[in-house]
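[1] mind folding the following:
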Amino acid sequence: MNLESTAVPGAAGDTAQSNWLSWLLVAVLIYVLLAAVGAIGDGFKAATGSNAKELFAFASNPAIALIIGVVATALIQSSSTVTSIIVGMVAGGLPIAIAIPMVMGANIGTSLTSTLVSLGHIRNGEEFRRAFSAATIHDSFNILAVAILLPLELLFRPLATASEYLAGLLVSDASVSMSNLNFMKTLLAPAGNVLDTATGWLPGIWSGVALILAGIGLILLVVTQIGRILRTLMVGRAMQILHSAVGRGPASGMASGTLITVLVQSSSTTTSLIVPLAGTGVFSLKQVYAFTLGSNVGTTITALLAATAITGASALVALQIALVHLLFNLLAIALIYLLPFLRQVPVRMAETLAQQAQRNKGYVVAYIGGVFFALPLAMVGVSQLF
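    Numbering: from 1, shown residues only. This is a model prediction of the structure:
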């Protein structure tokens, strides 16, 4: 008895120390993430000077910009990573009008992960149908959201206008003109100096290109590591929240999806977490639907955090594109989920896809390859005709 009683506190102490070190590492990684985003903006400025718009002339067509977001996110499997990179690109001169379709595309691309996770149930027909419908409702909603909001944005610019107004409220003229006193700039200066030194020896624009690549590489590494550490720290709590909150109703489901995604910094992780539970019948498609919408909102925190790394005259546009990501998801929920005649469209799409996939497994390969890769490439070809 005595041995057991003395061993347990020691084990608890070891666990507490391990958790403390893990949280410290998360803080360090967030610092590196901010520095990496700032490096991308500095790199684009160094590489392009005043010609950033010409550099992105190839993406002047919104369809191509959308495809870049879809394919890049499908390959990287992190909308948080892609939108953080876009924030850095906007700070370096990428036009907002081009960045907005890229952000929309990132929302579609991130849903591939949960679709792949559903394949784990492929040997059990009924479980696979439930899991695949739970996974593809994320795809269906995001595709419908883009189909509605991209044309509206091209015609009336609601996201650009609202985000510009909000960013103007949050980034004052004084903070821009006094950028030398900016806290984040001072905090990130040591890391920025290290990256500049590491790439500054290269000639001409190549130093800027190297800085961009270094920033992207660091973002990929950091987001992956943050997600891995937070999954270890939070997965138990996440499961508790899922069981206690998701089943209470749409508002609670959205809130839990948002909270868990903020904690683990990956909508792919949270939606992948709930797909097996849907496959085994723990949650219904209706409950999964609300949860995935919350995860769409929660994933926007990374881009907002990344925007704080941008200072000076670029701070306004960097924050603006981060706000676009948030506003896009909120507006999509308002237009689709809150309107009864649109609310069931993603559900029907997902159920139809799942029924087809259950009948013929080859349909799954065709769906994944078509939606995330073949169709985007076809759109590139068609867009070149106009």
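[2] buried residues, the one helix or strand Ser256 maps to. List them.
    Element membership of Ser256, judged by DSSP states H and E, is helix 250-264. Residues 250, 252-264 are the ones in helix 250-264 that count as buried (16 or more other C-beta atoms under 10 Å). (Glycine included, C-beta is placed from N, CA and C.)
[3] then stretch 316-334?
    316-329, 331-333.
[4] looking at the residues you listed, which are in helices?
    Among the buried residues of stretch 316-334, DSSP state H puts 316-329, 331-332 in helices.
[5] from those residues, pick the one nearest Gln344.
    Ala332 (15.3 Å; C-beta to C-beta).
[6] what about the residue lying closest to the closest one once chain neighbours are set aside, how many neighbours?
    For Ala332, ignoring the flanking residues on the chain, the nearest one in space by C-beta to C-beta, 6 or more residues apart in numbering is Ala145 at 3.7 Å. By other C-beta atoms under 10 Å, the residues close to Ala145 number 24.
[7] the helix or strand where Pro276 lies to helix 250-264, inter-axis angle?
    Here Pro276 sits within helix 267-279, counting by DSSP H and E. Angle, helix 267-279 to helix 250-264, by axes from the mean of the first three to the mean of the last three C-alpha atoms, to 10 degrees: 130 degrees.
[8] quick one: distance of helix 267-279 to the chain centre.
    For helix 267-279, the separation from the chain centroid amounts to 16 Å (computed by C-alpha atoms, centre = their mean, to the nearest Å).
[9] could you say what helices and strands it packs with?
    helix 79-91, helix 112-118, helix 125-156, helix 206-245, helix 250-264, helix 285-298 (3 or more C-beta pairs under 8 Å, 6 or more residues apart in numbering; DSSP states H and E).
[10] just want the angle from it to helix 315-332.
    Put simply, helix 267-279 runs at 20 degrees to helix 315-332, going by the same axes, to 10 degrees.
[11] CA atoms only: put helix 267-279 into CSV for me.
    This file holds the C-alpha atoms of helix 267-279, laid out as CSV (Å, rounded to 0.1, in the frame of the first residue of the first chain):
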residue,chain,number,x,y,z
SER,A,267,-10.0,21.2,-39.0
SER,A,268,-8.7,18.1,-40.7
THR,A,269,-8.0,16.6,-37.3
THR,A,270,-11.3,17.4,-35.7
THR,A,271,-13.4,16.2,-38.7
SER,A,272,-11.3,13.1,-38.9
LEU,A,273,-11.9,12.5,-35.2
ILE,A,274,-15.6,12.4,-35.6
VAL,A,275,-15.8,10.3,-38.8
PRO,A,276,-15.1,7.0,-37.1
LEU,A,277,-17.7,7.8,-34.4
ALA,A,278,-20.2,8.5,-37.1
GLY,A,279,-19.2,5.2,-38.8
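[12] buried residues in that helix?
    Buried residues in helix 267-279 (16+ other C-beta under 10 Å): 267-279.
[13] and Phe28, how many residues sit next to it?
    Wrong residue type there; residue 28 is Val, not Phe. 12.
[14] ok so, going back, so how far is Ser252 from the residue nearest to Ala332?
    Look at Ala145 and Ser252: by C-beta to C-beta, to the nearest Å, they are 22 Å apart.
[15] repeat for Arg348
    Counting by C-beta to C-beta, the gap from Arg348 to Ser252 is 24 Å.
[16] just the angle between the helix holding Ser256 and helix 79-91, please?
    70 degrees.
[17] alpha carbons of helix 250-264, in PDB - could you do that?
    Coordinates of the C-alpha atoms in helix 250-264 are reproduced here as PDB (Å, rounded to 0.1, in the frame of the first residue of the first chain):
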ATOM      1  CA  PRO A 250     -26.800  22.300 -33.600                       C
ATOM      2  CA  ALA A 251     -25.500  25.300 -31.600                       C
ATOM      3  CA  SER A 252     -23.700  23.100 -29.100                       C
ATOM      4  CA  GLY A 253     -22.300  21.000 -32.000                       C
ATOM      5  CA  MET A 254     -20.900  24.000 -33.800                       C
ATOM      6  CA  ALA A 255     -19.500  25.400 -30.600                       C
ATOM      7  CA  SER A 256     -17.700  22.100 -29.700                       C
ATOM      8  CA  GLY A 257     -16.400  21.800 -33.300                       C
ATOM      9  CA  THR A 258     -15.000  25.400 -33.100                       C
ATOM     10  CA  LEU A 259     -13.500  24.900 -29.700                       C
ATOM     11  CA  ILE A 260     -11.700  21.600 -30.500                       C
ATOM     12  CA  THR A 261     -10.400  23.000 -33.700                       C
ATOM     13  CA  VAL A 262      -9.000  26.000 -32.000                       C
ATOM     14  CA  LEU A 263      -7.300  23.700 -29.500                       C
ATOM     15  CA  VAL A 264      -5.700  21.300 -32.000                       C
END
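[18] done for today, thanks.
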